[in-house]
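1. mind folding the following:
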Amino acid sequence: MFLGTYEPRLDDKSRLVLPAKFRDPLAEGLVITKGQERCLYVWPVAEFTAVTERLSQAPVTSKSARDYMRVLFAGASDEVPDKQGRITIAPSLREYAGLRRDCTVIGANTRVEVWDATAWEQYLAAQDESFAELSQEVFPGLL
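-> Numbering: from 1, shown residues only. All right, here's what the predicted structure looks like:
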């Protein structure tokens with residue numbers, strides 16, 4: 001499980017240093033791809049494989065499923081962190097997420113998300129109030 005918020009920077013070679021707490025689960029390899037709200041999803045290979053298997057159950061006749069999978073897989077990049085825990089983020093993924101230098105890396109349970117720091121601050125500011133004001137179950141029967 002990935003938890004927490006971290007604020008690394010991209011170096012001059014477009015590498016991102018993974019938070020120390022995330023390195024062991026990602027050491028064997030990871031997949032980076034486009035996520036919602038213009039962030040990047042970073043999945044351990046085993047978890048990405050599980051997601052892929054679930055997605056493969058979608059009917060090929062579903063246009064929205066085809067569209068989603070095309071964008072998800074076409075933008076994906078597999079990486080193995082170096083000994084310092086750095087990963088290189090492909091130019092197309094940096095552009096999609098608006099990554100320049102300052103980043104925010106968050107734990108999102110089974111995946112890691114990489115955000116432009118300013119975009120994360122704006123997203124979080126918009127979500128904090130609605131989160132605090134929730135008056136009904138978001139996940140009925142779970143929480």
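2. quick check: Gly107 touching Phe2?
-> Yes. Contact criterion C-beta atoms under 8 Å: Gly107 and Phe2 qualify, at 3.3 Å. Using the backbone N, CA and C atoms, a C-beta is placed for each residue, glycine as well.
3. which one of the two is surrounded by more residues?
-> Higher neighbour count among Gly107 and Phe2: Phe2, with 21 against 17, using other C-beta atoms under 10 Å.
4. run a quick neighbour tally on the residue nearest to Ala97 when sequence neighbours are not counted.
-> Among residues not flanking Ala97 along the chain, Leu40 sits closest, at 5.0 Å (C-beta to C-beta, 6 or more residues apart in numbering). The number of residues packed near Leu40 is 26, by other C-beta under 10 Å.
5. swap in Glu133?
-> When neighbours are defined as other C-beta under 10 Å, Glu133 has 7 of them.
6. what does Gly4 give?
-> For Gly4, the neighbour count with other C-beta under 10 Å is 11.
7. returning to what we had before: quick one: contacts for the residue nearest to Ala97?
-> Counting by C-beta atoms under 8 Å, 6 or more residues apart in numbering, Leu40 makes contact with Ile32, Thr33, Lys34, Ile89, Leu93, Tyr96, Ala97, Leu99, Glu113, Val114, Trp115.
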